[in-house]
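K.L.:
sequence unavailable; structure follows:
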């Protein structure tokens, strides 16, 4: 299976396991900058040179050898499950993607038909009941993850623990987990532990939010989207994410982690 979703700098200074919707655009650009002294011109997900990615055939043997020997500092980044799935909804379901089309072709029409979801019209900018539509989307997310119906689960709302685990199961080991909510602090820990061809000053690094502007703006506080049933579904889907990454399941309005992650626990529980 190898190491899907894994990126590595060309200098092999650092290895990163991507978790979608968890600051991956900014992290990728920091890695690119640390090697080349400039940012990639465009969405870092579109780069095919300048950064090793498992999705690039030429990069696979290099990433495989590095990770299995643990030659470089390895990390990943996680985010509060409540805000992560809300971001996925507004970006991927309600938003128009950078190619000018809906995400995954016929998925949104299917959700409108089968789950009664509204998405703000053809351009995603009209008013609609965000709370009702999000809760219906959450039901679809549960169905796709638990039952793989009406389609396979999507990487943007499948559990973070699933993404993180593939790296461990196939022989990798993490040295650090960054919280999106404490991004500068977490990334500084990474940068302090590695040597890069070009120095990175986090205070001067812009945020590369490639999903920004794709969809409507969230109109309500996070907690308003999650009633008792929604929270039940969140626990069913993301129980490991809340527990392993120390996020507050009981209070959707608290986006901050409640404590530091235990790397030994993560490797033990996700390494089966």
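P.N.:
Okay, I see it. Everything numeric here is computed off the predicted structure, so don't read it as measured data.
K.L.:
do you know how far residue 200 is from residue 14?
P.N.:
Residue 200 is 11 Å from residue 14, where distance means C-beta to C-beta, to the nearest Å. Heads up, the C-betas are built off the backbone N, CA and C, glycines and all.
K.L.:
anything in contact with each of the two?
P.N.:
Common neighbours of residue 200 and residue 14, counting by C-beta atoms under 8 Å, 6 or more residues apart in numbering, are residue 34.
K.L.:
so which of the two has more stuff around it?
P.N.:
For residue 200 versus residue 14, neighbours defined as other C-beta atoms under 10 Å are more numerous around residue 14 (24 against 17).
K.L.:
next, the more buried one: phi, psi?
P.N.:
Backbone dihedrals for residue 14, given as degrees, to the nearest 10, come out at phi -160, psi 150.
K.L.:
next: the one 5 residues further on.
P.N.:
Dihedral pair for residue 19: phi -120, psi 120, per degrees, to the nearest 10.
K.L.:
ok, now residue 15?
P.N.:
Residue torsions, per degrees, to the nearest 10, at residue 15 are phi -120, psi 140.
K.L.:
same question, residue 170
P.N.:
Dihedral angles (degrees, to the nearest 10) for residue 170: phi -90, psi 10.
K.L.:
begin at 38 from here
P.N.:
Sure thing, new numbering starts at 38, so read that last one as residue 207.
K.L.:
hey, where'd the helices end up in the stretch 188-309 of the chain?
P.N.:
197-206, 220-229, 265-281, 300-307 (DSSP state H, counting those that start in this stretch).
K.L.:
now tabulate those helices in a markdown table and tack on mean pLDDT, mean neighbour count and distance to residue 135.
P.N.:
Shown next, in a markdown table, are the helices of the stretch 188-309 of the chain (pLDDT from 0 to 100; neighbours: other C-beta atoms under 10 Å; distance: least, C-beta to C-beta, whole Å):
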| stretch | mean pLDDT | mean neighbour count | distance to residue 135 |
| --- | --- | --- | --- |
| helix 197-206 | 97 | 20 | 22 |
| helix 220-229 | 97 | 16 | 23 |
| helix 265-281 | 97 | 17 | 27 |
| helix 300-307 | 97 | 14 | 32 |
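K.L.:
closest to residue 170 out of those helices?
P.N.:
Ranking those by proximity to residue 170 (C-beta to C-beta) places helix 265-281 first, at 12.1 Å.
K.L.:
give me the contact list for the closest one.
P.N.:
Against helix 265-281 from outside (C-beta under 8 Å, 6+ apart): 115, 118-119, 122, 172, 175-176, 178-179, 182-183, 196-198, 263, 284-286, 289, 298, 302-303, 306-307.
K.L.:
how about residue 40, what does it touch?
P.N.:
Counted by C-beta under 8 Å, 6+ apart, residue 40 has contacts 54, 91, 100-101, 104, 203-204, 207, 209.
K.L.:
residue 113 contacts residue 57, correct?
P.N.:
No - with contact defined as C-beta atoms under 8 Å, residue 113 does not reach residue 57; the gap is 11.5 Å.
K.L.:
count the residues that sit near the residue nearest to residue 47 when sequence neighbours are not counted.
P.N.:
The shortest distance from residue 47 to any non-neighbouring residue, by C-beta to C-beta, 6 or more residues apart in numbering, is to residue 72 (5.3 Å). Neighbour count for residue 72, taken as other C-beta under 10 Å: 19.
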